[in-house]
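Student: sequence? don't have it. structure:
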């Protein structure tokens, strides 16, 4: 029983991390039709921003995370304005630019901070454990789950209660008609990049807590699972991404434990195949 | 009478197709100007080109101002309301959200007018637009254009696929709306055109082949047959 509780909470924690990355990816793809392979860079900037501000500026954990999130958000906005905006509707060029930026970002981080993982400054309470139904659960799982729930709620409030949210929801359905109503949808593009960048940067900071270190390639490796989550959840659906992230996290944890290391990753790909065969548009996405 | 909208030498090329081949006509500042023509003549493309939805070359002037180089949202903000063919309501949004999205500027937004013309939209405010009937979706599409103080409405085949009773209702609404704001109407339904249009522009294979008063064309069966293939 204690194993199941621990695996479930660890799977939910991992799923929370995937959701934080996938939510932005999904919004960006849904509205702007941009497959953003540079999204891992926003995560890495958030992680390194948190690490740097904590170790060099002496900030406490929360202010350091805020610093990292702001750095990731600013990076996302700059990427959108300088590199993506001139390439809307040019899918191949977008892919080339974002893939190139992703590779260049990793190289830049290696040049600046070295290729070796750096020990992440975790707050003391996050290194502790809590006993639940006999299982000794690391506290960082609760931090991840809590952060994902707050981000999911905040995105839902933004989408349901604000005019920009309304524009994003409409734009996901029919971007051309949104502009034909006199709305400059490009502003909404920048906004979803900012939101996606902030969520990914938060994921970067929390991934540092979860893994205990930060490395230049962390964003890229997590991005693969985030893409799988977005596809399973349905492109453009944040709620779908949340459900898919939970599924992926749980499947990965349980199969890794009860089968063998490496099977967890393979089972996630199998889950993707099964969902796509049953529902080609994903769990909650637009019809394929 | 100075035209409100002037189009000159409008060309649209999509892929290897030269869809509009130098279209030019003017739209009067009041009443309904109907754009007629056979299927594939370029009527819908003409509206989309005016709004900048499709890439084009040529001149489009709204009240003397050159607008052809502006992005779509900026053109619409100059006072053009657009009800597209197939309505293009946002299926996942509620009726009220569809209307709210169309609000431009600080208002006032004419909800009273919209709900007076389409009382059903008030009753179905919380319903998802994708679950409405075709006629109700058309109400949303036209309602969006009436919400703002537009200088002109561009309405594309508003009666397409609708039941005869709904066609009459749509005609009533357009007739009433035209008393306040000029309408550039693309329509295949000649009975509707005969009822509400003041002027006609006939397009054939991407070029204007006839302009004039609606009565003059539609009261001449031979000319109507020659230009439109029907009488």
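Tutor: Noted; the coordinates are in hand. Small disclaimer: the values here were computed from a predicted structure and weren't measured. Numbers count the residues shown, from 1 in each chain, chains lettered A, B, ... in the order given.
Student: Poorly predicted segments of chain B, please.
Tutor: B:231 (pLDDT under 70).
Student: The residue in it that chain A sits nearest to: which element?
Tutor: Chain A sits closest to residue B:76 of chain B, with a gap of 3.7 Å, by CB to the nearest CB. Just so you know, the C-beta spots here come from the backbone N, C-alpha and C atoms, and that holds for glycine as well. Element membership of residue B:76, judged by DSSP states H and E, is helix B:72-77.
Student: now for whichever helix or strand comes after that helix, which elements pack on it?
Tutor: As assigned by DSSP H and E, the chain's next helix or strand after helix B:72-77 is strand B:80-83. For strand B:80-83, the elements it packs on are helix B:43-51, helix B:134-146, strand B:152-156, judged by 3 or more CB pairs under 8 Å, 6 or more residues apart in numbering or on different chains; DSSP states H and E.
Student: What's opposite the residue nearest the centre of chain B in the beta bridge?
Tutor: Nearest to the geometric centre of chain B sits residue B:155, at 1.6 Å (CA atoms, centre = their mean). Residue B:155 has these beta-bridge partners by DSSP bridges: residue B:83, residue B:185.
Student: how about the helices of chain A, start to end?
Tutor: Assigned by DSSP state H, the helices in chain A fall at A:2-32, A:39-56, A:61-79, A:91-113, A:124-127, A:139-161, A:163-173, A:175-180, A:185-211, A:218-233, A:238-258, A:263-278.
Student: An error on my part: the question was meant for chain B.
Tutor: Under DSSP H, chain B gives helices at B:43-51, B:72-77, B:95-101, B:111-117, B:119-123, B:134-146, B:164-178, B:190-196, B:214-218, B:221-228.
Student: Which of those helices sits closest to residue A:267?
Tutor: With CB to CB as the measure, helix B:95-101 is the member of the helices of chain B nearest residue A:267 (39.5 Å).
Student: Can you name every helix or strand that the closest one contacts?
Tutor: Against helix B:95-101 (3+ CB pairs under 8 Å, 6+ apart) you get helix A:163-173, helix B:134-146.
Student: go with 6 Å
Tutor: helix A:163-173 (3 or more CB pairs under 6 Å, 6 or more residues apart in numbering or on different chains; DSSP states H and E).
Student: in the helix it packs on, what counts as buried?
Tutor: By 16 or more other CB atoms under 10 Å in any protein chain shown, the buried positions in helix A:163-173 come out as A:165, A:166, A:167, A:168, A:169, A:170, A:171, A:172, A:173.
Student: Need phi/psi at the spatially closest residue to the last one that is not a sequence neighbour.
Tutor: What it means is residue A:173. Distances taken as CB to CB, 6 or more residues apart in numbering or on different chains put residue B:90 closest to residue A:173, at 5.0 Å, once the chain neighbours are dropped. The phi/psi pair for residue B:90 (degrees, to the nearest 10) reads phi -90, psi 100.
Student: what's near enough to touch residue B:90?
Tutor: Listed by CB atoms under 6 Å, 6 or more residues apart in numbering or on different chains, the contact set of residue B:90 reads A:170, A:173, B:98, B:129.
Student: one more time with 7 Å, if that's ok
Tutor: By CB atoms under 7 Å, 6 or more residues apart in numbering or on different chains, residue B:90 lies in contact with A:170, A:173, A:174, B:98, B:129.
Student: tell me the pLDDT at the third one?
Tutor: I take that to be residue A:174. pLDDT recorded at residue A:174 is 91.
Student: now it: how far from residue A:58?
Tutor: To residue A:58, residue A:174 is 50 Å away according to CB to CB, to the nearest Å.
Student: what does the last one give?
Tutor: When distances are taken as CB to CB, residue B:129 and residue A:58 turn out to be 54 Å apart.
Student: The first one too?
Tutor: When distances are taken as CB to CB, residue A:170 and residue A:58 turn out to be 45 Å apart.
Student: Show me which residues of the stretch 51-200 of chain A are close to chain B?
Tutor: Contact residues, the stretch 51-200 of chain A versus chain B (CB under 7 Å from any CB of the partner chain): A:166-167, A:169-170, A:173-174, A:176-177, A:179-184.
Student: Spatially nearest residue to residue A:74, not counting backbone neighbours?
Tutor: Nearest one to residue A:74, counting by CB to CB, 6+ apart, is residue A:197 at 7.8 Å.
Student: Now for that neighbour, how many residues are close by?
Tutor: 32 (other CB atoms under 10 Å in any protein chain shown).
Student: Please report the distance of it from residue A:40.
Tutor: In terms of CB to CB, residue A:197 sits 11 Å off from residue A:40.
Student: ok, now residue A:142?
Tutor: Counting by CB to CB, the gap from residue A:142 to residue A:40 is 25 Å.
Student: pLDDT below threshold where in the stretch 151-288 of chain A?
Tutor: A:285-288.
Student: related to what we said a few turns ago, show me what contacts the residue of chain B closest to chain A?
Tutor: Neighbouring residues of residue B:76 by CB under 7 Å, 6+ apart: A:180, A:181, A:182, B:51, B:82.
Student: Let me have those in JSON lines, extended by neighbour count and distance to residue A:158.
Tutor: Converted to JSON lines, the contacts of residue B:76 look like this (neighbours: other CB atoms under 10 Å in any protein chain shown; distance: CB to CB, whole Å):
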{"residue": "A:180", "neighbour count": "26", "distance to residue A:158": "24"}
{"residue": "A:181", "neighbour count": "26", "distance to residue A:158": "20"}
{"residue": "A:182", "neighbour count": "24", "distance to residue A:158": "22"}
{"residue": "B:51", "neighbour count": "24", "distance to residue A:158": "29"}
{"residue": "B:82", "neighbour count": "28", "distance to residue A:158": "27"}
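Student: confidence score at residue A:77?
Tutor: 97.
Student: Grab the nearest non-local neighbour of it.
Tutor: residue A:194 (5.2 Å).
Student: Quick check: that neighbour touching residue A:72?
Tutor: No - with contact defined as CB atoms under 7 Å, residue A:194 does not count as touching residue A:72 (9.6 Å).
Student: who has more neighbours, the two?
Tutor: residue A:72 (33 against 17).
Student: Residue B:29: which of the helices of chain A is closest?
Tutor: Of all the helices of chain A, helix A:175-180 comes closest under CB to CB, at 22.3 Å.
Student: excluding its backbone neighbours, what's nearest residue 188?
Tutor: All of this is about chain A. residue A:167 (4.8 Å).
Student: Chain B, not that one
Tutor: Nearest to residue B:188 is residue B:157, by CB to CB, 6+ apart, at 6.4 Å.
Student: One more: residue B:223?
Tutor: residue B:217 (5.9 Å).
Student: how far away is the one you found from residue A:265?
Tutor: With CB to CB as the criterion, residue B:217 and residue A:265 are 69 Å apart.
Student: follow-up on the earlier one: so for residue A:142 and residue A:40, which residue has more residues nearby?
Tutor: residue A:40 (29 against 18).
Student: and the nearest residue to the more buried one once chain neighbours are set aside, what does it touch?
Tutor: Leaving aside its chain neighbours, residue A:40 sits nearest to residue A:219 (3.0 Å; criterion: CB to CB, 6+ apart). By CB under 7 Å, 6+ apart, the contact list for residue A:219 reads A:40, A:41, A:43, A:44, A:204.
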